[in-house]
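[1] let me see the structure of the following:
(2 chains)
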Amino acid sequence: SQQGEEDPQALSIQEGENATMNCSYKTSINNLQWYRQNSGRGLVHLILIRSNEREKHSGRLRVTLDTSKKSSSLLITASRAADTASYFCALTGGGNKLTFGTGTQLKVEL
Amino acid sequence: SQTIHQWPATLVQPVGSPLSLECTVEGTSNPNLYWYRQAAGRGLQLLFYSVGIGQISSEVPQNLSASRPQDRQFILSSKKLLLSDSGFYLCAWSVSNRGRGGYGYTFGSGTRLTVV
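    Next up, the predicted model:
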């Protein structure tokens, strides 16, 4: 089963700036999901975007999906120190089985 | 509302000892259940998933096994731990879906296992 590859691996920004993370994949997908993981904790589901959707919003989060380029991006606007975490994209294989990439480590500094 | 419980939070076990990690879900029925392992600074590796009682699919051949004795209970076990079994173990559940997928996972808080 395939997994997404996040880029960059690490990102450091100042509070108030926007953070953009990208995910690329190689084969067709049914949907793509983004998760957040605070250090030493479980993952939290952020957004699910289906293959027939191009953009979704949730609060300060914006996810885009370009199936022709096999890529997705997660934008966090007006970042806060509390956004410091690792962010993962996840792809759905058969039977709702998710495979995860290695993540982007975001650090938001005051 | 649905909740997922995973315990213990941390565990230090000697090499060769047995392992039993338990995960239970409340507030839903017939969930899909999953065990993942995360090495330090790495992504998640799917170990096992289950779509029903007694139905276990293994993703990676290894020193571990899983069981689902009840609808909302998922257990990860080992008869003899290896050093390489150290890691962060996460249980998760999702809505049962036999179609194209499309449901987010809810994760437990994880178990940090250190084999010494």
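
[2] can you name the residues that contact residue 36?
    As the question left the chain open, I've gone with chain A. A:43-44, A:46, A:85-88 (Cβ atoms under 8 Å, 6 or more residues apart in numbering or on different chains). Every residue, glycine included, has its C-beta placed from N, CA and C.

[3] was after chain B, sorry
    Contacts of residue B:36 by Cβ under 8 Å, 6+ apart are A:100, B:44-47, B:89-92.

[4] my guess is residue A:82 is in a helix, correct?
    Yes. With DSSP: H, G, I helix; E, B strand; the rest coil as the criterion, residue A:82 is located in a helix.

[5] neighbours around it, how many?
    Neighbour count for residue A:82, taken as other Cβ atoms under 10 Å in any protein chain shown: 9.

[6] tell me if stretch B:72-80 is near chain A.
    No. Using Cβ under 8 Å from any Cβ of the partner chain, stretch B:72-80 stays clear of chain A, coming no nearer than 14.4 Å.

[7] restricting to C-alpha, output that stretch in PDB.
    Extracted as PDB, the C-alpha positions of stretch B:72-80 are listed here (Å, rounded to 0.1, in the frame of the first residue of the first chain):
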ATOM      1  CA  ARG B  72     -15.000  -3.100  21.300                       C
ATOM      2  CA  GLN B  73     -11.800  -4.700  22.700                       C
ATOM      3  CA  PHE B  74      -8.500  -5.000  20.900                       C
ATOM      4  CA  ILE B  75      -5.400  -6.600  22.400                       C
ATOM      5  CA  LEU B  76      -1.800  -6.500  21.300                       C
ATOM      6  CA  SER B  77       0.400  -9.300  22.600                       C
ATOM      7  CA  SER B  78       3.800 -10.800  22.500                       C
ATOM      8  CA  LYS B  79       5.100 -14.000  24.100                       C
ATOM      9  CA  LYS B  80       8.700 -12.800  24.200                       C
END
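
[8] list the buried residues of it.
    Buried residues in stretch B:72-80, defined by neighbour count with 16 or more other Cβ atoms under 10 Å in any protein chain shown: B:72, B:74-76, B:78.

[9] take the residues you listed and keep only those in strands.
    Secondary structure assignment by DSSP state E places B:74-76, B:78 of these in strands.
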